[in-house]
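> sequence plus predicted model, see below.
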Amino acid sequence: MFRFLRRISQPAAPESVQAAPAAQAGKRFLPQSLAWPVMRRLDGLSQGDHETLLQGPGMRLSDIREYLPGEDVRHIDWNVTARTGTLHVRTFYEERELTAWFLIDTSASMAFSSTGVPKHYAAQQCADMLASLFVRQADRFAALFHDGHGASPAVMLPPGAGQQHQMRLARLFGEHAGRAPSAAHSGRINQAGSTGGTPLAPMLRRACAAIRRRSLVIVLSDFLAAPGWEDWLRQLAYRHEVLCVRIIDPVERSIPDIGLVTVEDSESGSQCLIDTSDPVIRSRYKQIVADRDKALADICRGAGADLLRIQTNIPLAPQLVTYLSLRKKRRHLPVRNQSRT
């Protein structure tokens, strides 16, 4: 996303530390009664609150069938056995823990801010609130940070649980999110022929290789991305439950009428002079934004992934509560996704 080189009315906070008070003022905790509804069966190893594809010790009855030699006699249903004259056993759905993975875009465009709250800080608050929800449910969560450039290795936080693990996630976020690229780095990007968008494919490809068991995958990005990531999203959604969280700054929706300004691409460093007072330019930009919104929605729908839009100028907690409430009402994903194994 571009950033204005000429100040408009109020300078954006140069660092996430300066933007923190503005974001903290609108921060609210999620209600205690709120939980994360799991839409697909899981593969976890430990006991938990969510159902798995496997069968084993649990509370919810799966089936009653005839007894096979060698099975646990404690599962024999004596009432059915007495009625039929043949030994029958009860089977149950096994309960497992949820593992959530945060895939976090730390590219330069995530440092953009027009409201005093950079997009990377909104992403951090979203991840922190959801991590609190997982801690409350005794679920595990992990994270993968990537700036979108192949030369930079991804930073991984292995799966873990508890408040200490949540603090590790916050510490890594502070170390790797919102860092502006150096001039030399921008030069390497330009020499590589960057299209100006964040290459999300390396992060999604790494996630496909790293996440072995069925999990919840939450992609936190502004999705101002270069082409080539769509196939990797489909591969992730084929096995896992995927939620794409798009972080939006209000200035990205329309260009303000402030005359001639020089704008710079945060990813590639390229600059151009535009006349923001020209209604044709502003109308064309709005059309580009609408086309990008529709394209992202189509990509997520085609992959079987959810899409949540988070705006930096609106308090975060109500946006998450609204999404989780709507998600709770949905009893299942589309049939084509449930049948995947």
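It's in. Numbering: from 1, shown residues only.
> helices or strands up against the top helix by length along the chain?
Ordering each helix of the chain by length in residues (DSSP state H) puts helix 279-303 first. If you count contacts as 3 or more C-beta pairs under 8 Å, 6 or more residues apart in numbering; DSSP states H and E, helix 279-303 packs onto helix 230-239, strand 241-248, strand 306-311. For every residue, glycine as well, the C-beta is placed using N, CA and C.
> export those to JSON lines and tack on distance to residue 74 and mean pLDDT?
Listed next are the helices and strands packed on helix 279-303 as JSON lines, based on distance: least, C-beta to C-beta, whole Å; pLDDT from 0 to 100:
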{"stretch": "helix 230-239", "distance to residue 74": "34", "mean pLDDT": "92"}
{"stretch": "strand 241-248", "distance to residue 74": "33", "mean pLDDT": "93"}
{"stretch": "strand 306-311", "distance to residue 74": "40", "mean pLDDT": "92"}
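> dump those into TSV; add distance to residue 109 and mean neighbour count as well.
Compiled in TSV, the helices and strands packed on helix 279-303 are given as follows (distance: least, C-beta to C-beta, whole Å; neighbours: other C-beta atoms under 10 Å):
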stretch	distance to residue 109	mean neighbour count
helix 230-239	18	18
strand 241-248	10	23
strand 306-311	15	19
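> so which of these comes closest to residue 137?
strand 241-248 (15.0 Å; C-beta to C-beta).
> now the angle from the closest one to strand 306-311?
Angle of strand 241-248 versus strand 306-311, following axes from the mean of the first three to the mean of the last three C-alpha atoms, to 10 degrees, is 20 degrees.
> of all the helices and strands packed on helix 279-303, which one comes closest to residue 215?
strand 241-248 (7.4 Å).
> pairing partners for the closest one, with directions?
Partners of strand 241-248 in the sheet, by DSSP bridges, are strand 216-221 (parallel), strand 306-311 (parallel).
> show me the protein divided up by domain.
14-44+98-338, 50-96 (automatic domain parsing).
> not counting sequence-adjacent ones, nearest residue to residue 232?
Among residues not flanking residue 232 along the chain, residue 204 sits closest, at 3.6 Å (C-beta to C-beta, 6 or more residues apart in numbering).
> residues near that neighbour, how many?
By other C-beta atoms under 10 Å, the residues close to residue 204 number 25.
> hmm, it is touching residue 228, no?
No - in this structure residue 204 lies outside contact range of residue 228 using C-beta atoms under 8 Å: 9.6 Å.
> low-confidence stretches in this protein?
1-62, 92-97, 149-153, 178-196, 266-269, 331-341 (pLDDT under 70).
> can you show me the strands along it?
2-4, 50-66, 88-96, 99-105, 140-146, 155-160, 216-221, 241-248, 260-265, 271-275, 306-311 (DSSP state E).
> next, format those strands as a markdown table and append distance to residue 317.
Below are those laid out as a markdown table (distance: least, C-beta to C-beta, whole Å):
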| stretch | distance to residue 317 |
| --- | --- |
| strand 2-4 | 28 |
| strand 50-66 | 24 |
| strand 88-96 | 28 |
| strand 99-105 | 18 |
| strand 140-146 | 19 |
| strand 155-160 | 24 |
| strand 216-221 | 16 |
| strand 241-248 | 14 |
| strand 260-265 | 32 |
| strand 271-275 | 36 |
| strand 306-311 | 11 |
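> nearest to residue 174, of the ones you listed?
With C-beta to C-beta as the criterion, residue 174 lies closest to strand 140-146 of the strands of the chain, at 11.0 Å.
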